[in-house]
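Chemist: need a 3D model of the sequence below.
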Amino acid sequence: MTGLPNGGKAPSIAFVCIPSFPGHPVPDDLRVRLRPEQFFECVERFPGFPNVFTMIGDGWLYWKSLLDVLPEDSWEVERVRSAIRITVHTSLSRDLLARLLTHENLFDGARCILLGVESGGAAALFDNPSVNAVYAIQKVSGELAIDELQRLLVQFGVAEIEDPRSIVDFELLYWIIQRELNASIQSG
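Modeler: Purely as a prediction, here's the structure:
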């Protein structure tokens with residue numbers, strides 16, 4: 001997860017490794033802050049990693065600028081490109097939602113499912129069937145914020161997802177929402 005760097009400093013990250021490739025070694029979870037070059041140094045010897053990136057806020061802007069200076073065929077660019085990429089916003093506004101949906105072109109054709117959270121509020125999960133392995137999550141707290149989100153979804157023309165099974169990576173995303181947002185999702 002990453003976010004805005006401290007003024008004048010490179011962004012830092014922490015990552016958790018989820019075993020998903022049988023027979024491949026899995027790096028240990030790193031519960032430290034790393035610079036991007038340190039992150040790549042840690043995962044270089046582990047084929048298939050990173051397999052999921054979750055960025056908080058505008059973290060993708062920093063990763064994109066880092067990746068843009070690397071050769072297109074570098075192993076770092078290839079691995080990020082083949083990973084599931086998720087952007088998470090925890091604050092809601094029209095501008096923030098628009099930025100969230102412009103991440104890797106989710107906007108045109110975006111769909112959304114609203115998952116209630118037992119402690120109140122919701123997590124809105126966005127995908128676009130035309131964009132492979134890229135998702136966005138908007139945390140929303142309280143009924144007023146949910147109402148505002150629903151108004152913005154209509155304004156932006158975001159379609160409702162009626163069947164979560166139509167989301168390719170739904171089970172993984174559901175788990176990530178529970179884990180990363182410390183949310184207990186309402187069932188049924």
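
Chemist: check which residues of the longest helix along the chain are buried.
Modeler: Looking across the chain with DSSP state H, the single longest helix is helix 143-156. When burial is assessed from 16 or more other C-beta atoms under 10 Å, helix 143-156 yields the following buried residues: Ala145, Ile146, Glu148, Leu149, Gln150, Leu152, Leu153. For glycine as for every other residue, the C-beta is placed from the backbone atoms N, C-alpha and C.

Chemist: please identify which helix or strand holds the nearest residue to the last one once chain neighbours are set aside.
Modeler: Translated: Leu153. Nearest residue to Leu153, sequence neighbours excluded (C-beta to C-beta, 6 or more residues apart in numbering): Cys112, at 5.9 Å. Cys112 is located in strand 111-116, with elements delineated by DSSP states H and E.

Chemist: report the beta-bridge partners for the residue nearest the centre of the chain.
Modeler: Centroid-nearest residue in the chain: Ile86, 1.6 Å away (criterion: C-alpha atoms, centre = their mean). Bridge pairing for Ile86 (DSSP bridges) gives the partners Thr54, Tyr135.

Chemist: who touches it in this structure?
Modeler: Val52, Phe53, Thr54, Met55, Val134, Tyr135, Ala136, Ile137, Leu173, Ile176 (C-beta atoms under 8 Å, 6 or more residues apart in numbering).

Chemist: quick check, nearest of the residues you listed to Leu67?
Modeler: Leu67 has its nearest neighbour among the contacts of Ile86 in Phe53, at 11.2 Å by C-beta to C-beta.

Chemist: neighbours around the closest one, how many?
Modeler: 21 (other C-beta atoms under 10 Å).

Chemist: for Leu100, same thing?
Modeler: 23.

Chemist: so for the helix or strand containing it, mean pLDDT?
Modeler: According to DSSP H and E, Leu100 maps onto helix 94-102. Taken as a whole, helix 94-102 carries a mean pLDDT of 91.

Chemist: buried sites along that helix?
Modeler: Applying 16+ other C-beta under 10 Å to helix 94-102 flags Leu96, Leu97, Arg99, Leu100, Leu101 as buried.

Chemist: of all these, which comes closest to Ser130?
Modeler: Leu101 (13.2 Å).

Chemist: measure that closest one to Leu115 for me?
Modeler: Applying C-beta to C-beta, to the nearest Å, the value for Leu101 to Leu115 is 17 Å.

Chemist: ditto for Ile176
Modeler: Taken as C-beta to C-beta, the span from Ile176 to Leu115 is 12 Å.

Chemist: and the strands in this structure?
Modeler: 13-15, 30-34, 52-56, 84-89, 111-116, 122-127, 134-140, 159-160 (DSSP state E).

Chemist: residues near the residue nearest to Ala110 when sequence neighbours are not counted, how many?
Modeler: Nearest residue to Ala110, sequence neighbours excluded (C-beta to C-beta, 6+ apart): Val158, at 4.7 Å. By other C-beta under 10 Å, the residues close to Val158 number 22.
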